[in-house]
Every structure is written in structure tokens, then in C-alpha cells.
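**Q** okay, predicted coordinates and the sequence, questions at the end:
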Amino acid sequence: MGLPKRRCPNCGDTEQHFRRLHAAERVYALGQVDSADVHKYWRCTRQGCVRVQSYFNWRAGFDLPEEFRTPPQRAAT
């Protein structure tokens, strides 16, 4: 079973796969949302996207800082 797809406003309101937050992302998220709700927040897996949003409500979300941005992949030569 793959990752769930949700609407991502950062990716042109397209359906993207979302995953649970990693430890460092969770620490940042604790400063953005109530600690009791942090488990409800998932991150967009599209390369370069820093969107974190509620699993149940795409409007409830925020962007991670730049240091969390996935760097672009180099083309194979």
C-alpha cells in the first residue's frame, strides 16, 4: 500500500503523496501546531516541496523552512 494522496496548494493544487513527519520536521511542527495534533500533520513528498498540512484538512498547514527543502536530483551522466 502506497502513501496517501492529498491536495497540495504548494504544488498547484494537485494531488500529491504525503508521508508522516521525520523527527526534525516534527520538532519544527511543534512550534506551529498544538502538540496534541502534531501527529495529524504530514509532509508532501514532491521534490522541492516544503508543505506540511493536516491529513484531514489541506487548508490547515504551513511551510517548513528552506533547510528542509529536498535538493534537486542531478541528472545521470
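**A** Arrived safely.
**Q** pLDDT on the longest strand belonging to the chain, on average?
**A** Assignment by DSSP state E gives strand 14-20 as the longest strand of the chain. For strand 14-20, mean pLDDT is 96.
**Q** dump it to CSV, restricted to CA.
**A** Extracted in CSV, the C-alpha atoms of strand 14-20 (Å, rounded to 0.1, in the frame of the first residue of the first chain):
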residue,chain,number,x,y,z
THR,A,14,-2.6,18.9,-7.5
GLU,A,15,-2.9,15.6,-5.8
GLN,A,16,0.5,14.6,-4.2
HIS,A,17,1.7,11.8,-2.0
PHE,A,18,2.2,12.7,1.7
ARG,A,19,4.2,11.0,4.4
ARG,A,20,4.5,11.2,8.1
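**Q** tell me how far the residue nearest the centre of the chain lies from H22.
**A** Geometric centre of the chain, nearest residue: R43, 1.8 Å, by C-alpha atoms, centre = their mean. Distance of R43 to H22, computed by C-beta to C-beta, to the nearest Å: 8 Å. Placement of C-beta: from N, CA and C, glycine included.
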